[in-house]
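**Q** model the structure of this input:
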Amino acid sequence: MQKHVILESIYKPSEDVVARDVQGEFVIIPITSGIGDGQDDIFTMNDTGRVVWDHLDGKRTLKEIGLELSGNYDAAPGQVEQDVAGIVQELLNKNIVVEVPAV
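**A** Just a heads-up that it's a prediction; the model follows:
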């Protein structure tokens, strides 16, 4: 069953991956099985994905991250929220990020 991201939810990187800069490229490497789609072992992120990744600290909702990032770019907050949600949805589908349970 595929999970869907929720703007009011908090996400963080899975403990089953490590992320590193390798020769100028940002890569995410699974350290356990069941991560990804079975076709690639190493995932690369573009600059936008990297910015979103850096904000997934397990403390802020996607809505808060989108609002913060919209202040850094010439884009409407709603558009930035959609972009953030799209990136996180892709990472969630591959088990690279996980939702932080509500306390």
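**Q** next, the buried residues of the helix or strand encompassing residue 92.
**A** Here residue 92 sits within helix 77-93, counting by DSSP states H and E. By neighbour count on 16 or more other Cβ atoms under 10 Å, the buried set for helix 77-93 is 80-81, 83-85, 87-89, 91-92. For glycine as for every other residue, the C-beta is placed from the backbone atoms N, C-alpha and C.
**Q** and the residue nearest the centre of the chain, what's its pLDDT?
**A** The centroid of the chain falls nearest to residue 88 when counting by Cα atoms, centre = their mean (4.0 Å). What the model reports as pLDDT for residue 88 is 97.
**Q** for residue 29, see how far away the closest residue to it other than its chain neighbours is.
**A** Nearest residue to residue 88 in three dimensions, chain neighbours excluded: residue 5, at 5.0 Å (Cβ to Cβ, 6 or more residues apart in numbering). When distance is defined by Cβ to Cβ, to the nearest Å, residue 5 is 23 Å away from residue 29.
**Q** settle it for me: which of these two has more neighbours?
**A** Neighbours around residue 5 and residue 29, counted as other Cβ atoms under 10 Å, are more numerous at residue 5. The numbers are 20 against 14.
**Q** sorry, back to before: isn't the residue nearest to residue 88 up against residue 93?
**A** No - using Cβ atoms under 8 Å, residue 5 is not in contact with residue 93; the gap is 9.6 Å.
**Q** point out where the chain drops to low pLDDT.
**A** By pLDDT under 70, the low-scoring segments of the chain are 1, 33-40.
**Q** which stretches in it count as strands?
**A** 11-13, 17-22, 25-30, 43-45, 97-99 (DSSP state E).
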